[in-house]
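Colleague: have a look at this fold, sequence not included:
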């Protein structure tokens, strides 16, 4: 059963219930009127006397009054009651008496087949349907009482047929009721599943919002750690050197020595100023503002080579395409950090940067021929992320990527970043 089928069943149930209610309200009137018309049309066949005419008229009036009374009472009925049982069997008695006078009043008696489950408690449904079948069988056998052995045999046969039909009707009604209960259970299960799904979606949305907040906080913390590392490794060290040079100047025995240390202090100040400007510049990837990632990396590598005096090359493999800005910024920052580490610690003479576009993935490889190190000998990664390699790993993990390091003492270092290929328009 599909999700639409229970919804259609729910939508059609009120309409079907309303039609059945209309039939139960007006059906007995129609059957009584039809029985009266047929009885009048066949009056010459039954040869009623005056008394029988009066009795038939009185019974029809009783049936009409009974139906009018029930029409008002039924509006308040929610389940089988004493009143509904009295109504059902009184109607049957009137129909039986009329059928004795004229078998064609069995049309009115047939109303007992309809609505028994509404009017009678479960234990009286079968008896109610059986006595209705008795009236129908007697009328079909030629009227009450049956005449002779043949008449009773015919009545027995008709009663067996009508009783069998009643049993079939009860069986079919049981199947319909079981199917209705199954549909109701299915609808209830679908509603519970739908509520659970909505709750899960709401919880997922809340978790998504929480993850976004955590990601933003992690990004802020990561950027603060990067700036702290930049300040510690460049500006702070430069200021320390300047202070040391000025202290030498203060105690220099000759003007020439003082001038030399002043010149060194000025060089350190200019270098520190350049480092400060670079750090401020790197608050946002300005290199990507008007250039693609390959162009930005090519320019960054060239600038690094010019600044350090070391040979550096950039290589692009695969078909380049615009990436999501967060992916591009992450790769550019990792490349800058890897080259900065190479300049400060590796004692390299040559460095290569390779950007590779592959199926569903972008790879950035930074290799140098420096002194290398033992990755296993590094201090354990702290929970705060740290600087250098930990910072690169944290950046990659923020975009579902990863950073791996291959190095050994005297064998250079290779840093590789792998991130998902997320197009610019996604």
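Modeller: Great, that's in hand. These numbers come from a predicted model, not from an experiment.

Colleague: which outside residues touch stretch 239-258?
Modeller: The set of residues that contact stretch 239-258 without belonging to it, under C-beta atoms under 8 Å, 6 or more residues apart in numbering, is 261-262, 264-265, 268-269, 272. Placement of C-beta: from N, CA and C, glycine included.

Colleague: distance of residue 70 from residue 105?
Modeller: Between residue 70 and residue 105 the distance is 19 Å, computed by C-beta to C-beta, to the nearest Å.

Colleague: re earlier: and the contacts of stretch 239-258 as TSV, adding pLDDT and neighbour count?
Modeller: As requested, the contacts of stretch 239-258 are arranged in TSV below (pLDDT from 0 to 100; neighbours: other C-beta atoms under 10 Å):
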residue	pLDDT	neighbour count
261	75	19
262	81	16
264	77	17
265	74	20
268	72	20
269	79	15
272	71	19
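
Colleague: tell me the one among those nearest to residue 210.
Modeller: Comparing the contacts of stretch 239-258 against residue 210 with C-beta to C-beta picks out residue 272 as the nearest, at 40.9 Å.

Colleague: so for residue 43, what's the pLDDT?
Modeller: Reading off the confidence values, residue 43 has pLDDT 72.

Colleague: so how far is residue 142 from it?
Modeller: 17 Å.

Colleague: which residues does the helix or strand hosting residue 132 contact?
Modeller: Take DSSP states H and E as the rule and residue 132 turns out to sit in helix 122-140. Outside of helix 122-140, the residues that reach it under the criterion C-beta under 8 Å, 6+ apart are 85, 88-89, 92, 95-96, 99, 103-106, 109-110, 112-113, 116-117, 119-120, 144-146, 155, 158-159, 161-163, 165-166, 169-170.

Colleague: equivalent analysis for stretch 360-368, please.
Modeller: 323, 327, 331, 334-335, 338-339, 342, 346, 348, 350-356, 412-421.

Colleague: so which of those belong to strands?
Modeller: Secondary-structure check on these using DSSP state E: residues within strands are 350-356, 413-420.

Colleague: just the buried residues from those, in PyMOL please.
Modeller: Selecting the buried subset of those in PyMOL, with 16 or more other C-beta atoms under 10 Å as the burial test, is done by:
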select buried, resi 351+352+353+354+355+356+413+414+415+416+417+418+419
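
Colleague: of the ones in strands among the contacts of stretch 360-368, which pair is most distant in space?
Modeller: With distance counted by C-beta to C-beta, no two of the ones in strands among the contacts of stretch 360-368 lie farther apart than 350 and 420, which are 30.4 Å apart.

Colleague: identify the residues contacting residue 395.
Modeller: 222, 330, 333-334, 403 are the contacts of residue 395 under C-beta under 8 Å, 6+ apart.

Colleague: how about JSON lines for the residues you listed, with pLDDT and neighbour count added?
Modeller: Supplementary listing: the contacts of residue 395 in JSON lines, determined by pLDDT from 0 to 100; neighbours: other C-beta under 10 Å:
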{"residue": "222", "pLDDT": "67", "neighbour count": "19"}
{"residue": "330", "pLDDT": "90", "neighbour count": "24"}
{"residue": "333", "pLDDT": "87", "neighbour count": "20"}
{"residue": "334", "pLDDT": "92", "neighbour count": "23"}
{"residue": "403", "pLDDT": "94", "neighbour count": "22"}
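
Colleague: pLDDT wise, what is the closest residue to residue 142 other than its chain neighbours at?
Modeller: Across the structure, with C-beta to C-beta, 6 or more residues apart in numbering as the measure, the residue nearest residue 142 apart from its sequence neighbours is residue 151 (6.2 Å). Here the pLDDT value assigned to residue 151 is 75.

Colleague: again, but for the one 5 residues further on
Modeller: The confidence metric pLDDT takes the value 80 at residue 156.

Colleague: which secondary structure elements does the helix or strand harbouring it sit against?
Modeller: With elements delineated by DSSP H and E, residue 156 resides in helix 148-230, which encompasses its position. In terms of contacts (3 or more C-beta pairs under 8 Å, 6 or more residues apart in numbering; DSSP states H and E), helix 148-230 is packed against helix 4-41, helix 122-140, helix 255-281, helix 389-398.

Colleague: what angle sits between the third one and helix 148-230?
Modeller: This points to helix 255-281. 160 degrees (axes from the mean of the first three to the mean of the last three C-alpha atoms, to 10 degrees).

Colleague: same question, the shortest one
Modeller: With the same axes, to 10 degrees as the basis, helix 389-398 and helix 148-230 are set at 150 degrees to each other.

Colleague: could you do the second one as well?
Modeller: Note on geometry: by the same axes, to 10 degrees, helix 122-140 and helix 148-230 are set 140 degrees apart in direction.

Colleague: same question for helix 122-140, mean pLDDT?
Modeller: Here the average pLDDT along helix 122-140 is 83.

Colleague: can you list the buried residues in it?
Modeller: Taking 16+ other C-beta under 10 Å as the neighbour-count basis, helix 122-140 is seen to contain the buried residues 125, 128-129, 131-140.

Colleague: which of the residues you listed lies closest to residue 192?
Modeller: residue 125 (32.7 Å).

Colleague: what strand or helix carries residue 313?
Modeller: Secondary structure (DSSP H and E) places residue 313 in strand 311-317.

Colleague: now the end-to-end length of stretch 372-388.
Modeller: Distance between the boundary residues of stretch 372-388 (C-alpha to C-alpha, to the nearest Å) amounts to 15 Å.
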